[in-house]
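Participant: coords please:
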Amino acid sequence: AGHSGRQFAPSTTRVVGTLPGMKPADNLPDFLLPASELRRLLGETRANRESFNLTYTRLSKSGAPFDGRRVVLTEVAHPDGPTRTCWLDDEPCPDDELALAPDLSR
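Facilitator: Prediction:
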């Protein structure tokens, strides 16, 4: 009661890592990130022209257990632009794969 619903500097503006007390299980990834946070992190890394490897497991879009599809993205920075390879399981990633989406700040 009495809360305006407006927060100008919320304490959780960036989400990286696990919640305190969480222990990863054998069938769960080390930590979960919202899609917007992953896109932000990728955007910062690309803006710094850094090379990186990223492997993640896609979650089900319905909120059901993990769908188990594994994405492997490798990006190597070069002065004339990065070279990028992205695989979804054993196939090239579709154009709408999250790791290939533009940075949210654009």
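Participant: contacts only, for Leu54.
Facilitator: 42, 71-75, 99 (Cβ atoms under 8 Å, 6 or more residues apart in numbering). Glycine gets a C-beta too; all of them are placed from N, C-alpha and C.
Participant: no, scratch that, I was asking about His78
Facilitator: Contacts of His78 (Cβ under 8 Å, 6+ apart): none.
Participant: picking that back up, give me the buried subset of the contacts of Leu54.
Facilitator: 42, 71, 73, 75, 99 (16 or more other Cβ atoms under 10 Å).
Participant: which SS class is the fourth one?
Facilitator: Meaning Glu75. strand (DSSP: H, G, I helix; E, B strand; the rest coil).
Participant: right, and the helix or strand after the host helix or strand of Arg46?
Facilitator: Here Arg46 is covered by helix 35-47, with elements defined by DSSP states H and E. Beyond helix 35-47 on the C-terminal side, the first helix or strand identified by DSSP H and E is strand 52-57.
Participant: residue contacts, Glu50?
Facilitator: Ala77.
Participant: distance to Leu59 and pLDDT for the contacts of Leu54 - can I get that in TSV?
Facilitator: Formatted as TSV, the contacts of Leu54 follow (distance: Cβ to Cβ, whole Å; pLDDT from 0 to 100):
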residue	distance to Leu59	pLDDT
Leu42	17	91
Val71	11	91
Val72	16	94
Leu73	16	95
Thr74	22	96
Glu75	22	95
Ala99	14	90
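Participant: closest one to Thr55 out of the residues you listed, please.
Facilitator: Nearest to Thr55 among those, counting by Cβ to Cβ, is Val72 at 5.0 Å.
Participant: and the angle for the strand or helix carrying that closest one with helix 35-47?
Facilitator: Secondary structure assignment for Val72, by DSSP H and E: strand 70-76. Counting by axes from the mean of the first three to the mean of the last three Cα atoms, to 10 degrees, strand 70-76 lies at 20 degrees to helix 35-47.
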